[in-house]
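Enquirer: A structural model of the following input is requested.
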Amino acid sequence: QVQLVESGGGLVQAGGSLRLSCAASGRTFTSYGMGWFRQAPGKEREFVRAISGSGGSTAYADSVKGRFTISRDNAKNTVYLQMNNLKPEDTAVYYCAARVGAIATVTHEYTYWGQGTQVTVSS
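Expert: Predicted coordinates for the structure are as follows:
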């Protein structure tokens with residue numbers, strides 16, 4: 001069982017930056033591929049970025065290419081999402097997710113989910 005707790009969301013102006021954190025419980029953090037997803041009002045949850053257990057492999061959605069960076073600190077059981085040059089269309093609840101094994105880019109591949117953190121980008 002893995003528990004995930006996101007933090008770092010907030011209100012920011014367009015062009016600004018935020019860093020989200022996701023702290024995971026458990027002693028086998030490196031066994032988990034980690035992903036970030038987001039869900040805007042009235043829309044389906046969508047993939048943002050993912051990283052493998054070792055941190056050696058990542059994946060990204062085209063909409064965040066060149067703007068969002070994912071990283072992890074396995075000593076701290078934490079994964080990060082650095083978001084730069086934010087746009088109003090990035091406004092959503094951002095969720096951290098974990099799955100045993102390789103990274104994935106679809107929601108149903110992930111077993112564990114955090115409660116989400118709100119990111120609001122004003123124009």
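Enquirer: can you tell me how far Trp36 sits from Tyr60?
Expert: The spacing between Trp36 and Tyr60, counted by CB to CB, to the nearest Å, is 10 Å. Quick note: C-beta positions are derived from backbone N, CA and C, even for glycine.
Enquirer: go on, Lys43?
Expert: For Lys43, the distance to Tyr60 - CB to CB - is 19 Å.
Enquirer: Have a look at these two and say which one is more surrounded.
Expert: Using other CB atoms under 10 Å, the more surrounded residue of Lys43 and Tyr60 is Tyr60, with 19 against 9.
Enquirer: Model confidence for the more buried one, exactly?
Expert: The score at Tyr60 is 97. That number is its pLDDT.
Enquirer: So for the residue nearest the centre of the chain, what's the nearest residue that isn't a sequence neighbour?
Expert: Closest to where the C-alpha atoms of the chain average out (CA atoms, centre = their mean) is Trp36, at 2.4 Å. Excluding its sequence neighbours, the residue lying closest to Trp36 (CB to CB, 6 or more residues apart in numbering) is Val48, at 4.3 Å.
Enquirer: I'd like to check what contacts whatever helix or strand the one you found lives in. Which residues are they?
Expert: Per DSSP states H and E, Val48 falls inside strand 46-51. Here strand 46-51 makes contact (CB atoms under 8 Å, 6 or more residues apart in numbering) with 33-39, 57-61, 64, 68-72, 79, 81, 94, 103-107.
Enquirer: Show me just the buried residues among those.
Expert: 33-38, 59-61, 64, 68-70, 72, 79, 81, 94, 103-105, 107 (16 or more other CB atoms under 10 Å).
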